[in-house]
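when you get a sec, could you give me coordinates for this:
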Amino acid sequence: MPIQGDPAVHTSSTPLNVFIVEDESLVAMDLEDRLAKMGYQVCGMADNGGEALAGILAVKADLVLMDIHLRDSMDGVDVAASLRKTSNVPVIFVTAHADEITLRRAGQAEPFGYVLKPFDERELRATIEMALYRHRAETRVRKLERWLSTTLRSIGDGVIATDDQGCITLINPLAESLTGWSGAEALGMPLDQVLAIFSENGSNETQDLFYEAMQAGVTINRGEDKSLKSKDGRTIPVDESISPIRDDEGRITGCVVVFRDCTQSKRLLEERKRLETKMQETQRLESLGVLAAGIAHDFNNLLTVVTMNASLGKTFVPRDSPVLRSLTDIQSSAERAAQLCNQMLSYAGQGPVSKEPLCINELTRDTAQLLTTAISKKTSLSLDLGDNMPWVNGDRSQLQQVIMNLVINASEALQDLPGRIKLKTRFAHVDQARLFACRTGNALKEGDYLMIEVKDTGEGMAPEVLARIFDPFYTTKFTGRGLGLAAVLGIVRSHGGDLSVESIAGAGTTFRIYLPASSKQADAAPPMDLNSTSWLGTGHALIVDDEATIRMAGQAVLSHLGFHVDVAEDGMRGLEKILRQAGNYKVVLLDLTMPNLDGREVYKIVRERMPHLPIIIMSGYSSHQATDLMNDGGPTSFIQKPFSVETIKEKLMTLLG
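Residues are numbered from 1 along each chain as shown. Sure, this is the predicted structure:
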C-alpha cells in the first residue's frame, strides 16, 4: 500500500511535487525556475511557518525545500519538526546560515538534506536525489518495523530479546502480560528478574539458560515442568526456548527467549490422560466381563446335568432312604455353585433380570431390616431416605443384593469395632464431573438421577486396593470369593446406572449408585396357583442341545413328566426334525448357544412357520440374550441353566396349561 509522499510511486509521467518555503520572493521564484528546469513540479509556495504547514498538508507534497529563517515566530526548524510528527514528507533545508548553532538546531528536526545559499543546480539536484533515496530506504525500514511490531504483538508466544549481557532490549505484549512487567519497566532490566523460570526443585534457571545458550551458540530447550513466577505472584506453567542472536559476522550479540503459557495445554493433556485411563479401565472391565460370562455359561451347562439328575433321582428314592440325603446335598451344592455363576453373570451385566417398577425407599427399608442380623452388633446402621422419590425400573432381588453387599462390606470394614453406616437415598441433579468419576463405563449424561449412598466410618482403603475392588475374584478377606463387589458393578451396569466410590485413609468409604428414574409404578401381581405335584404332560417333546449329557438328563426328566422325547445335537438337525414333524411336538426345549446354526436362528425360522408352537429357550446366560425373542408374541418361555425337575415342571405348566 503506497504511503503518502513516497517518491517511489512516481514515474516519469508523474513528476515529483516540491513545496517551497522561502520568505524572500526573488529567491523563491529563482528556486521555482531551477526546479522546473530539472524536471520537478512546484506544487506550492509559502513565506511563513503557518501557511507552510497548511499548504504542505493540503497539496500532499512529495518534498519540501525549507528556509530556516522565516518571517513569523515559527521558523523552518519548527515547521520541519511539526511535519515530522504529522507527515512523512521529507524536508531539505535551504539556508545561507552555516554556523554550528544553526546546524545543531536544524539537525534536531532530522532533515533529509542541507543546502547552503548560494547553490548551483548540480548540488541542488544531488541533494534532492540523495534525500529521495534516503526517504525511500527509511520508508521501507518503517514498513518492516511496523510489520515486525505487528507480528510480535500478534504472535501467540511471549518474546523477549536481550543484549550480550543479558539485559532486555525487546519485550512483546504477550510477554508483558505473562511476566507482569510493562515494556517501559522491563527494558534494560536483567533477564532473570523479569523472566523468572523455576524448575521443580524451586531454583531460578533463567540465568543458567542464558549462559548455556550464549556459550553453546545453539537453541536450548529444557523441556516441561517449568513454571514462570510473574511480578504479581502468579505461577504459570510454561514451555520455553532460548536462542542466540548473531550479527552479520556471526558474532553472538544477545539472546531471544520464546515462551508460552502451558496452562490450557497441560489441562488438555491431563484430561486426555484421564480419558485414556477411563477407556482402558472400561475395556479391562469389558474383557473381564466377557471372560466371567463365558466361564459362568460353561459351568451352568455342567451344573444343569448335576441338578436335573439329582432332582430326578430324588423322585425315585424313598423318603427314608439315606440316598435321598446325598442327592439333596448334591442338588444344594450345585444350586450354590449356580449362584456363584449368577454372580459372575451379574458382573458381566448378564445376570437373570426380572425388572418391575420399584419404590427404592421401600426396598431400602426392607433390605435394612434383613441386614440387622448380618452385620456386627457394634455397628450402628441409620437410614436417611429422601422425600418425593421417583420409582425405578429394576430387579428387586438384584437391587437388594447390591444394598446388602455394600452394607455388609462396610460392616466388615469396621473390623468388629464400634462404627456407623449410613444408608441414604436421594433424587438429585448429578453433574458431568461426578458421573465421569464413575466405574461401570455406562457414560451417563448429566441430569437427575436416583441415588443410593452407603457410607461407613471405617479406615478406608489404600489406592492400590481401591483400584481393584471391582475385579472378579479379587478380595482382601481370608474367606472371600471376590465376587460381591464385582456383582454389584454388573447389576448396576445392567440397570443402566453407574457407581462411584470414594475412600479416604482414616475417614471411611462412600459408595454412590446412580439409577435412572421411572415414571411407572408397580401393578399388583395376580396370584399364581400351580398344582405342580400332580401335573403330567402328554405328547411329543424335542430337546435341541449340543451337550450330550444335557440331552440325556433332559430326556430323562421330560420322560418322567409324561412326554415322548426326541433329541437333536445341534440347531440344523433340530430344525430338520421340527419341520419334518410339523404339528407333532407339544413343546421344544431349545438351547440358545450352539455351533453351526444357533438357537436364535432356529427360533426365528420356526416361529415364522409355526407361530403357535410352544418353545422354551435354554441358556447358561441370562434372559438378556433372549429378550427380543420372548417379546415377539409367541408362546415362549425362558429357563436359565442349571435347573431342576421342579423348575422345568413349573415352566411347562405355565406354558402349556
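
can we go C-alpha only for contacts and neighbour counts from here?
Fine.

check which helix or strand Y449 maps to.
If you go by DSSP states H and E, Y449 is part of strand 447-456.

quick one: that strand to chain centroid distance?
24 Å (CA atoms, centre = their mean, to the nearest Å).

tell me the domain boundaries of the chain?
When the chain is parsed with automatic domain parsing, its domains come out as 7-151, 155-261, 276-347, 355-515, 540-656.

for R267, find the nearest of the ones you listed.
domain 155-261 (10.5 Å; CA to CA).

where does the stretch 451-600 of the chain dip in pLDDT?
Scanning the stretch 451-600 of the chain for pLDDT under 70 picks out 472-484, 520-533.

figure out the helix or strand that V256 lives in.
strand 252-261.

what's the spacing between the helix or strand hosting V465 and its chain's center?
Per DSSP H and E: V465 is located in helix 463-466. Taking the mean of its C-alpha atoms, helix 463-466 sits 24 Å from the chain's own mean (CA atoms, centre = their mean).

which strands or helices does that helix pack on?
Counting contacts by 3 or more CA pairs under 8 Å, 6 or more residues apart in numbering; DSSP states H and E, helix 463-466 is packed against no other helix or strand.

sorry, back to before: so what are the sheet partners of the strand holding V256 and their directions?
Strand 252-261 has these partner strands in its sheet, going by DSSP bridges: strand 158-162 (antiparallel), strand 235-246 (antiparallel).

mean confidence (pLDDT) on the longest one, please.
Regarding strand 235-246, the rounded mean pLDDT is 86.

give me the contacts around it.
209-210, 213-214, 217-230, 252-263 (CA atoms under 8 Å, 6 or more residues apart in numbering).

okay, buried residues for it please.
T235, I236, P237, V238, D239, E240, S241, I242, S243, P244, I245 (16 or more other CA atoms under 10 Å).

need these in JSON lines (columns: distance to G156).
Below are the buried residues of strand 235-246 laid out as JSON lines (distance: CA to CA, whole Å):
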{"residue": "T235", "distance to G156": "19"}
{"residue": "I236", "distance to G156": "15"}
{"residue": "P237", "distance to G156": "15"}
{"residue": "V238", "distance to G156": "13"}
{"residue": "D239", "distance to G156": "13"}
{"residue": "E240", "distance to G156": "13"}
{"residue": "S241", "distance to G156": "14"}
{"residue": "I242", "distance to G156": "16"}
{"residue": "S243", "distance to G156": "18"}
{"residue": "P244", "distance to G156": "21"}
{"residue": "I245", "distance to G156": "21"}
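
quick one: which of those is nearest D498?
Using CA to CA, those come closest to D498 at P237, 35.2 Å.

so the closest residue in space to the closest one that isn't next to it in sequence bridges to which residues?
Spatial nearest neighbour of P237, excluding adjacent residues (CA to CA, 6 or more residues apart in numbering): S227 at 4.3 Å. Beta-bridge pairing of S227 under DSSP bridges involves F198, P237.

what is the neighbour count of the residue lying closest to I160 once chain neighbours are set aside?
Closest residue to I160 apart from its sequence neighbours, by CA to CA, 6+ apart: I171 at 4.5 Å. By other CA atoms under 10 Å, 23 other residues sit near I171.

need the buried ones from the contacts of strand 235-246 selected in ChimeraX.
With 16+ other CA under 10 Å as the burial test, the buried ones among these are selected in ChimeraX as follows:
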select :209,210,213,214,217,219,220,226,227,228,229,230,252,254,255,256,257,258,259,260,261,262
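
buried stuff in the strand holding Y449?
For strand 447-456, by 16+ other CA under 10 Å, it's Y449, L450, M451, I452, E453, V454, K455, D456.

I'd like those laid out as TSV, including distance to S332.
Listed next are those as TSV, based on distance: CA to CA, whole Å:
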residue	distance to S332
Y449	39
L450	37
M451	36
I452	33
E453	34
V454	32
K455	35
D456	35
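
hmm, which two among those residues are most spread apart?
Top of the distance list for the buried residues of strand 447-456 (CA to CA): Y449 and D456, 22.2 Å.

ok, back up a step: quick one: mean pLDDT for the strand holding V256?
Strand 252-261 comes out at a mean pLDDT of 88.

contacts for it?
Counting by CA under 8 Å, 6+ apart, 156-166, 178, 210, 213-214, 217, 236-247 sit against strand 252-261.

in PDB, list the C-alpha atoms belonging to it.
Extracted in PDB, the C-alpha atoms of strand 252-261 (Å, rounded to 0.1, in the frame of the first residue of the first chain):
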ATOM      1  CA  ILE A 252      26.600 -13.600  19.300                       C
ATOM      2  CA  THR A 253      25.200 -10.300  20.300                       C
ATOM      3  CA  GLY A 254      22.400 -11.500  22.600                       C
ATOM      4  CA  CYS A 255      19.600 -14.000  23.000                       C
ATOM      5  CA  VAL A 256      15.900 -14.300  22.300                       C
ATOM      6  CA  VAL A 257      13.600 -16.200  24.600                       C
ATOM      7  CA  VAL A 258      10.300 -17.600  23.300                       C
ATOM      8  CA  PHE A 259       7.900 -19.000  25.900                       C
ATOM      9  CA  ARG A 260       4.200 -19.800  26.100                       C
ATOM     10  CA  ASP A 261       1.600 -20.400  28.800                       C
END
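
so what's the gap between that strand and the chain middle?
That offset, for strand 252-261, works out to 34 Å (CA atoms, centre = their mean).

what's the answer for stretch 118-129, then?
Per CA atoms, centre = their mean, the centroid offset for stretch 118-129 relative to its chain is 74 Å.

gap between K231 and G156?
Note on K231: its distance to G156, by CA to CA, to the nearest Å, is 20 Å.

so I421, which of the three states?
strand (DSSP: H, G, I helix; E, B strand; the rest coil).

how near is the residue nearest to it when sequence neighbours are not counted to F511?
Leaving aside its sequence neighbours, I421 sits nearest to D456 (CA to CA, 6+ apart; 4.4 Å). Using CA to CA, one gets 9 Å for the distance from D456 to F511.

I figured E176 hits E185, correct?
No. If you go by CA atoms under 8 Å, E176 and E185 don't touch, sitting 9.7 Å apart.

which of those two has more residues huddled nearby?
Shown here are E176 and E185; by other CA under 10 Å, E176 has more neighbours (21 against 11).

ends of stretch 40-56, what's the gap?
Stretch 40-56 end-to-end distance (CA to CA) = 16 Å.

start at 743, not 1
Sure, I'll start counting at 743 from here, so that last one is stretch 782-798.

any idea of the mean pLDDT for it?
86.

how close does I1390 sit to T1396?
In terms of CA to CA, I1390 sits 10 Å off from T1396.

let me redo that: L1321
On the measure of CA to CA, L1321 and T1396 end up 25 Å apart.

between the domains of the chain, which gets nearest to E1012?
Closest approach to E1012 among the domains of the chain (CA to CA): domain 1018-1089, 9.8 Å.

quick one, helices of the stretch 1143-1292 of the chain?
1174-1178, 1205-1208, 1226-1236, 1290-1302 (DSSP state H, counting those that start in this stretch).

what comes into contact with the shortest one?
Contacting residues not belonging to helix 1205-1208 are listed as S1245 [CA under 8 Å, 6+ apart].

repeat for stretch 781-788
Residues contacting stretch 781-788 (CA under 8 Å, 6+ apart): 757-765, 770, 774, 777-778, 794, 797-798, 801, 803.

which ones among those residues lie within strands?
N759, V760, F761, I762, V763 (DSSP state E).

now tabulate those residues in a markdown table and tack on neighbour count.
Listed next are the ones in strands among the contacts of stretch 781-788 as a markdown table, based on neighbours: other CA atoms under 10 Å:
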| residue | neighbour count |
| --- | --- |
| N759 | 19 |
| V760 | 24 |
| F761 | 25 |
| I762 | 26 |
| V763 | 30 |
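
any chance of TSV for those residues, columns distance to Q1073?
Shown next, in TSV, are the ones in strands among the contacts of stretch 781-788 (distance: CA to CA, whole Å):
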residue	distance to Q1073
N759	116
V760	118
F761	119
I762	122
V763	122
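
nearest to E1098, of those?
Nearest member of these to E1098, counting by CA to CA, is N759, at 96.0 Å.

many thanks, I have nothing further to ask.
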